[in-house]
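# Mind looking at a prediction? Sequence and model below.
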Amino acid sequence: MDEELIGWAYPYAIDALDLDERRTVDVLLAGTDDTTRAEFEAQVRLTAETMADLSTLDALEPPPALRNRILDAVALTPQTPELAPPVSLAAERRKRRSPWGMALAAAAAAVIVVSGIGIGVQASDNTPSPNTVSEIMAAPDVRTTTLDIPGGGTATTAFSPSEDAAVLTMNNVTPPSADKVYQMWLVAPDGVTMTPAGTMAPGDVKPATQVVLDGVGTNTRLAFTVEPAGGSTTPTDDPFAIIPLI
């Protein structure tokens, strides 16, 4: 499976690619294997569904200066009179790590956030922001994994070793009962050591919920348990879901 190609699913889905990049992705998709194509399409579909869910949440009023910042960034975009031949995706991923590439990704993420990603979750006291989400998504080594959650819904992680952080997105996951929380745990390679990574109370679990997990380190999986209100220092029960980070 072509992980490099799959890494482009997120910007593809939110129309954050220019014409040359999108055309390159389309060409590569047409010639890739069925597994890669199916995973790419699944990630695009998941992103579209997440955006649809988020549009139903209360929208935040964008800061007055946001429009001017985005317009200023767009004004810096080089004008291309005609389509160029397909380019290397690896080269384009490196280009997006430049100040302009990151500014574009941050602007796209900012538009998404002010359009309705109202996140009430705290994961290790880290609330998602346009910069952290865009940095993770634009990283050349980002990798995504989606898992069906028992009881309904899905959880998707987008993990970047170079950023040492992951974005967790949950769609249509059933909230815990009133006296419980979902607790996240970073699982070490030994499969035994588990470090607390934040809790989600019933009111935190929305139809579309997103958090950023910093300091992933060498941990290889993200586990979820049901814990008493306030969380626990060690798991009190077996995880009901474990999603790989690598």
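Looks like it arrived, so ask away. Numbering: from 1, shown residues only.

# how about the strands in the chain?
Under the criterion DSSP state E, the chain contains strands at 143-148, 154-160, 165-171, 180-187, 194-200, 208-214, 221-228, 241-244.

# Flag every buried residue along the shortest one.
By that I understand strand 241-244. 241, 243 (16 or more other C-beta atoms under 10 Å). In short, each C-beta sits where N, CA and C put it, glycine included.

# What count of nearby residues applies to the closest residue to residue 47 other than its chain neighbours?
Distances taken as C-beta to C-beta, 6 or more residues apart in numbering put residue 13 closest to residue 47, at 3.7 Å, once the chain neighbours are dropped. By other C-beta atoms under 10 Å, the residues close to residue 13 number 19.

# In contact with residue 13, which residues are there?
Counting by C-beta atoms under 8 Å, 6 or more residues apart in numbering, residue 13 touches 43, 44, 47, 48, 51.

# So among these, where is pLDDT lowest?
In terms of pLDDT, the lowest of the contacts of residue 13 is residue 51, showing 64.

# What separation do you get for residue 18 and residue 183?
Separation of residue 18 from residue 183 (C-beta to C-beta, to the nearest Å): 41 Å.

# And these two? Which one has more around it.
Neighbours per residue, other C-beta under 10 Å: of residue 18 and residue 183, the larger number sits with residue 183, 25 against 15.

# Could you export the strands of the chain as CSV, including distance to residue 30 and mean pLDDT?
Listed next are the strands of the chain as CSV, based on distance: least, C-beta to C-beta, whole Å; pLDDT from 0 to 100:
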stretch, distance to residue 30, mean pLDDT
strand 143-148, 21, 88
strand 154-160, 24, 89
strand 165-171, 28, 88
strand 180-187, 38, 95
strand 194-200, 39, 93
strand 208-214, 31, 85
strand 221-228, 34, 95
strand 241-244, 29, 94
